[in-house]
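A.B. asks: one predicted model, sequence on top.
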Amino acid sequence: MDGLSRRRMLFTSGALGAFGALSAASPASARSLWTWAPGGSVAGTGAGLDPEWVWDEQADQLVAAVIDRGDVPRVNEALRTWTRNDQPLPTALPADLRAFMDSARRLPSWADRNKLETAAKFNESRGLYLNLLNGVGGGMLSTAIPREARSVYYSKGGADMEDRVAKTSMLGFAVGDLNAFRPDGDVIVQAVKTRLVHAAVRHLLPQSPAWSQTSGGQTIPISQADMLVTWHSLPTYAMRKMLEWKVPITPAESVAYLHVWQVTAHMLGIRDEYIPATWTEADKQSDQVLDPILASTREGIELTDILLRQLAEQTSPGGIDRPLVNALARYLVGDQVADWDNIPREPFWEKTIATAWPKLVAFREKLIPLPMVPPLAWTIDEAIRQYILFYLTKGQGTHIEIPETNRPH
């Protein structure tokens, strides 16, 4: 099963991984009435407003001002020097932006350091599954989310998908890192930068005639509802699939894995009253906001082909592994989503993967308890992650930066 090698599966974390994490979601015409109760949130209370009509007011007004007064180049230059959670904010930032970021970088009062450490250990031992699910799986779900696909396609990043994927991978890698929320980690840095990017896209994308014609009536992209849709395409989807694969997960690990994503959601600007407090509440919310809005779009189909082609070309320069990549994607998201994404059928590889993967999971789980297996697996995973970023950026590196324009025509 060379095609199912560890290197090829783990590439998906970079090629597709956090693709959805910098995006938007869901056509208004397909949305069901918002009924999820704020009592099921980490806040335990809230106004109960439909998140479709809630954005990130403070960040949006500030970043729009930064763009309109021409400060983006000097802000991006300053932000490139901010790389660690414990690092002071650059003094070269405008005073209003610096004050906002100083507040935005603080963890919520309900963040639990012990749970975050447990989540890091869980990521260490289950990185293979999480990279695969948040990679190919989450990536294929994101291209089947109409607003998300269109927001990515028509924003500036849609013109250079390798660079776009590299930037979004930085947030995905940061969330799953062993030191994610430790002082020397960088998930806080990447999340706050991503929040600024979201605000910029909200200001810029409505100015794009192409996006406006395909937005499904939405006047401002990346609402709180959109962000929740993307959020569920990552941790909620991943947890469901791991349970489906019969991956043994302790109650403490399950709670911790949810917690790291709850804190990440807060850092990205999602209001606490919308962040599910338990997996039961997450499932309820996902059933309402994600499942009903999945559909096919021209933009989503084109992005799917670009992403899968990148993956096939990286794993094999001649592209001979594209049938295997197609089959793996179909296995992860199912035939309905795969058909919406226009992913070709590959009968031989589909049958092979469906037969082999459960056996691979069972075999791997027998090895996990052995001494040194998790650290060794993490070392390999980390080496692959660094290679992915090197490949995507052609060795030049990249940074999450505030855009000034939409995608050029």
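C.D. replies: All right, it came through fine.
A.B. asks: endpoint to endpoint, stretch 239-255 covers what distance?
C.D. replies: 11 Å (Cα to Cα, to the nearest Å).
A.B. asks: er, stretch 286-295 actually
C.D. replies: End-to-end distance for stretch 286-295: 15 Å, by Cα to Cα.
A.B. asks: what pLDDT, on average, does that stretch get?
C.D. replies: Averaging pLDDT along stretch 286-295 gives 95.
A.B. asks: give the buried residues for that stretch.
C.D. replies: For stretch 286-295, burial by neighbour count (16 or more other Cβ atoms under 10 Å) applies to Ser286, Gln288, Val289, Leu290, Ile293, Leu294, Ala295. Bear in mind the C-beta positions are built from the backbone N, C-alpha and C, glycine included.
A.B. asks: want to throw those residues into CSV with secondary structure and distance to Thr35?
C.D. replies: As requested, these are exported to CSV (DSSP: H, G, I helix; E, B strand; the rest coil; distance: Cβ to Cβ, whole Å):
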residue, secondary structure, distance to Thr35
Ser286, helix, 13
Gln288, helix, 7
Val289, helix, 11
Leu290, coil, 15
Ile293, helix, 15
Leu294, coil, 19
Ala295, coil, 21
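A.B. asks: ok, these vs Gln224, which is closest?
C.D. replies: Val289 (10.1 Å; Cβ to Cβ).
A.B. asks: the closest one and Met227, how far apart?
C.D. replies: Taking Cβ to Cβ, to the nearest Å as the measure, Val289 falls 10 Å from Met227.
A.B. asks: and what of Ala312?
C.D. replies: From Ala312 to Met227 the distance is 30 Å (Cβ to Cβ).
A.B. asks: which one of the two is surrounded by more residues?
C.D. replies: Taking other Cβ atoms under 10 Å, Ala312 and Met227 do not tie; Met227 has more neighbours (27 against 21).
A.B. asks: the more buried one touches His266, doesn't it?
C.D. replies: No. When contacts are counted by Cβ atoms under 8 Å, Met227 is not listed as touching His266 (11.2 Å).
A.B. asks: how much space separates Val192 from Thr230?
C.D. replies: 17 Å.
A.B. asks: compare these two (neighbour count), which wins?
C.D. replies: Neighbour count, other Cβ under 10 Å: between Val192 and Thr230, Thr230 has more, with 29 against 25.
A.B. asks: help me confirm that that one is found in a helix?
C.D. replies: Yes. If the criterion is DSSP: H, G, I helix; E, B strand; the rest coil, then Thr230 is within a helix.
A.B. asks: number the chain from 58, please
C.D. replies: With the count now opening at 58, the last piece we talked about shows up as Thr287.
A.B. asks: return the per-residue confidence for it.
C.D. replies: pLDDT for Thr287: 94.
A.B. asks: and if you look at Leu449?
C.D. replies: For Leu449, the model assigns a pLDDT of 46.
A.B. asks: and the one 3 residues further on, by the same measure?
C.D. replies: Confidence at Gly452, expressed as pLDDT, is 48.
A.B. asks: check Asp241 too.
C.D. replies: pLDDT for Asp241: 95.
A.B. asks: measure the residue lying closest to it once chain neighbours are set aside to Trp112 for me?
C.D. replies: Using Cβ to Cβ, 6 or more residues apart in numbering and skipping residues adjacent in sequence, the residue nearest Asp241 is Arg141, 5.9 Å away. The gap separating Arg141 from Trp112 is 29 Å, by Cβ to Cβ.
A.B. asks: the more surrounded of the two?
C.D. replies: Of the pair Arg141 and Trp112, Trp112 is the one with more neighbours under other Cβ under 10 Å, namely 21 against 14.
A.B. asks: secondary structure class for the more buried one?
C.D. replies: Here Trp112 is coil, with the state taken from three-state DSSP.
A.B. asks: tell me, how many residues neighbour the closest residue to it other than its chain neighbours?
C.D. replies: Excluding its sequence neighbours, the residue lying closest to Trp112 (Cβ to Cβ, 6+ apart) is Ser280, at 5.6 Å. Ser280 is flanked by 23 other residues according to other Cβ under 10 Å.
A.B. asks: follow-up on the earlier one: so what's the residue nearest to Asp241 up against?
C.D. replies: Pro240, Asp241, Gly242, Asp243, Val246 (Cβ atoms under 8 Å, 6 or more residues apart in numbering).
A.B. asks: which one of those is nearest to Ala386?
C.D. replies: Closest approach to Ala386 among the contacts of Arg141 (Cβ to Cβ): Asp243, at 29.0 Å.
A.B. asks: the spatially closest residue to the closest one that is not a sequence neighbour - how many residues pack around it?
C.D. replies: Sequence neighbours aside, Ala231 is the residue nearest to Asp243 in space, at 5.1 Å (criterion: Cβ to Cβ, 6+ apart). Ala231 is flanked by 22 other residues according to other Cβ under 10 Å.
A.B. asks: measure Ala231 to Pro165 for me?
C.D. replies: For Ala231, the distance to Pro165 (Cβ to Cβ) stands at 17 Å.
A.B. asks: any low-confidence regions in the stretch 258-407 of the chain?
C.D. replies: For the stretch 258-407 of the chain, the stretches flagged by pLDDT under 70 are 371-377.
A.B. asks: what segments of it are helices?
C.D. replies: According to DSSP state H, counting those that start in this stretch, the stretch 258-407 of the chain carries its helices in the segments 266-271, 281-288, 294-301, 308-324, 336-346, 355-372, 379-397, 404-424.
A.B. asks: so Thr276 is in contact with Gln264, correct?
C.D. replies: No. The pair Thr276 and Gln264 fails to qualify as a contact (Cβ under 8 Å) at a distance of 11.6 Å.
A.B. asks: mind pulling the model confidence for Glu181?
C.D. replies: Confidence score, pLDDT, at Glu181: 81.
A.B. asks: now it: which helix or strand?
C.D. replies: For Glu181, the host element (DSSP states H and E) is helix 170-189.
A.B. asks: quick check: buried residues in that helix?
C.D. replies: 172-177, 179-189.
A.B. asks: check which helices and strands the next helix or strand after that helix is in contact with.
C.D. replies: Following helix 170-189 in sequence order, the next helix or strand is helix 195-200 (DSSP H and E). Packing contacts for helix 195-200, counted by 3 or more Cβ pairs under 8 Å, 6 or more residues apart in numbering; DSSP states H and E, involve helix 203-211, helix 294-301, helix 355-372, helix 379-397.
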